[in-house]
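Asks: Kindly generate the corresponding structure for this input.
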Amino acid sequence: MMRPGPSPVTTTLNPEPREDCPEEKPDAERRELQRSSAIRPWHLVVAGLVLLAGSIASLFVGVSAISPADLLRLSDDQVQVLLISRVPRLVAILLAGTALSVAGLIMMHLARNRFVTPSTAGTAESAGLGILVATMFFGSESIMAKMLIAVVFAILGTLIFLQILKRLSFQDMIVVPLVGIMFGGVITAVTTFFAYRADLLQTLSTWTSGDFSGVLAGRYELLWVAGGLTVIGYLYADRFTVAGMGESFAINLGISYNRVINLGLLLVAVMTAVTVVTVGDIPFLGLIVPNLVCMALGDNLRRVLPITALAGAFVVLICDVIGRIIRFPYEIPVGTVVGVLGSAIFIVLILRTRSKAA
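Replies: The predicted model follows:
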């Protein structure tokens, strides 16, 4: 008689090990579930109220003097400042911070590495190269056409990075993002070279450093696309979580692995490209915010995604206010402030991971 093979249930309960957590012990799993279940609706309410308070306060920071007391007797000039500059800038800050943080969260789950995000995989740099190509060869086209070209380049850059990873003989969690940073540096060098040849270096600087000083009514609405994609990412959160457990695990649960991966990469590429086209690149935002949120609340994507979105918007808002007041009346681009903060936190995260491995 032939011995019966293993049951499907046994196969399903043995997922592929994740690279960032090769050994998942029962105690660690219980602690993870406890942290994930610790998220309550009132947490979202408190986070939303804090973000709302910060948003209202940011409306009164700027060269044009507007105080809360002036709301009762606003002049025509003050009304114009609020409606044309301050409110559109605030909306752009919230949408950009939300989109980049959620994009980083989705990408690090799909790549099964906490340090692989659009900032460390060449996605943002590839989008910048796409914008340069669109400007050089399709300068008369609409902003939507340029955005589509940037999306195509962002997808191609991400796919090339993933192909590079497949050819590496090591899968160290720290080395992988460093390879991505070097890959992004090569793309930036190519972009800078062709921008110099085409006398577009000054234009290039608006894409490489996120800056909200030029955001006005009519110049930021493309970011609503990124906001809509954030909602789609939440609807597919469970599928992204399953896909992040490995191909065989996802297939055993009836999930189309390749389709989910492609959808996730498309969402990440579009959200990154839209942000770069509209306000420029904000480095390390999609890296530090998801990591800090997951360290505090667990890795359940559906549970932590709303908190990640709110935290990303809050971080960009605070950094933008700092950039506006640190050299008042001049401004420091928010990309510079976030880059300094994010690089420091990135180093701390690396050292913390290394100390745990040791």
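Asks: Quick check, pLDDT for the residue positioned nearest the centre of the chain.
Replies: With the centre of the chain defined as its mean C-alpha position, the nearest residue by C-alpha atoms, centre = their mean is Leu100, 2.5 Å away. Leu100 is assigned 92 on the pLDDT scale.
Asks: distance between the helix or strand it falls within and the chain's centre?
Replies: Per DSSP states H and E: Leu100 is located in helix 87-110. The chain centroid and the centroid of helix 87-110 are separated by 6 Å under C-alpha atoms, centre = their mean, to the nearest Å.
Asks: Dump that helix to PDB, restricted to CA.
Replies: Output of helix 87-110 as PDB, limited to C-alpha atoms (Å, rounded to 0.1, in the frame of the first residue of the first chain):
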ATOM      1  CA  VAL A  87      -4.900  75.500   2.500                       C
ATOM      2  CA  PRO A  88      -3.600  73.900  -0.800                       C
ATOM      3  CA  ARG A  89      -0.200  73.600   0.800                       C
ATOM      4  CA  LEU A  90      -1.700  71.800   3.800                       C
ATOM      5  CA  VAL A  91      -3.700  69.400   1.700                       C
ATOM      6  CA  ALA A  92      -0.600  68.600  -0.400                       C
ATOM      7  CA  ILE A  93       1.500  68.000   2.700                       C
ATOM      8  CA  LEU A  94      -1.100  65.500   4.100                       C
ATOM      9  CA  LEU A  95      -1.600  63.700   0.800                       C
ATOM     10  CA  ALA A  96       2.100  63.400   0.100                       C
ATOM     11  CA  GLY A  97       3.000  62.200   3.600                       C
ATOM     12  CA  THR A  98       0.200  59.700   3.500                       C
ATOM     13  CA  ALA A  99       1.100  58.300   0.100                       C
ATOM     14  CA  LEU A 100       4.800  57.900   0.600                       C
ATOM     15  CA  SER A 101       4.400  56.300   4.000                       C
ATOM     16  CA  VAL A 102       1.800  53.800   2.800                       C
ATOM     17  CA  ALA A 103       3.900  53.100  -0.300                       C
ATOM     18  CA  GLY A 104       6.900  52.200   1.900                       C
ATOM     19  CA  LEU A 105       4.700  50.000   4.100                       C
ATOM     20  CA  ILE A 106       3.400  48.000   1.200                       C
ATOM     21  CA  MET A 107       6.800  47.700  -0.500                       C
ATOM     22  CA  MET A 108       8.600  46.400   2.600                       C
ATOM     23  CA  HIS A 109       5.900  43.800   3.100                       C
ATOM     24  CA  LEU A 110       6.000  42.600  -0.500                       C
END
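Asks: for it, packing partners?
Replies: helix 41-58, helix 223-235, helix 237-243, helix 257-279, helix 285-297, helix 301-325 (3 or more C-beta pairs under 8 Å, 6 or more residues apart in numbering; DSSP states H and E). For every residue, glycine as well, the C-beta is placed using N, CA and C.
Asks: List the buried residues for that helix?
Replies: Buried residues in helix 87-110, defined by neighbour count with 16 or more other C-beta atoms under 10 Å: 88-110.
Asks: and the angle from the next helix-or-strand element following it to helix 285-297?
Replies: As assigned by DSSP H and E, the chain's next helix or strand after helix 87-110 is helix 123-137. When axes from the mean of the first three to the mean of the last three C-alpha atoms, to 10 degrees is applied, the directions of helix 123-137 and helix 285-297 differ by 160 degrees.
Asks: ok, residues contacting helix 123-137?
Replies: Helix 123-137 is touched from outside by 107, 118, 141, 145-146, 149-154, 156-158, 161, 184-185, 187-188, 190-191, 194-195, 198, 200, 203-204, 207-208, 268-269, 272-273, 276-277, 281, 283, with contacts defined as C-beta atoms under 8 Å, 6 or more residues apart in numbering.
Asks: Weed out the non-buried ones from those residues.
Replies: 107, 118, 146, 149-154, 157-158, 161, 184, 187-188, 191, 195, 200, 204, 207-208, 268-269, 272-273, 276-277, 281, 283.
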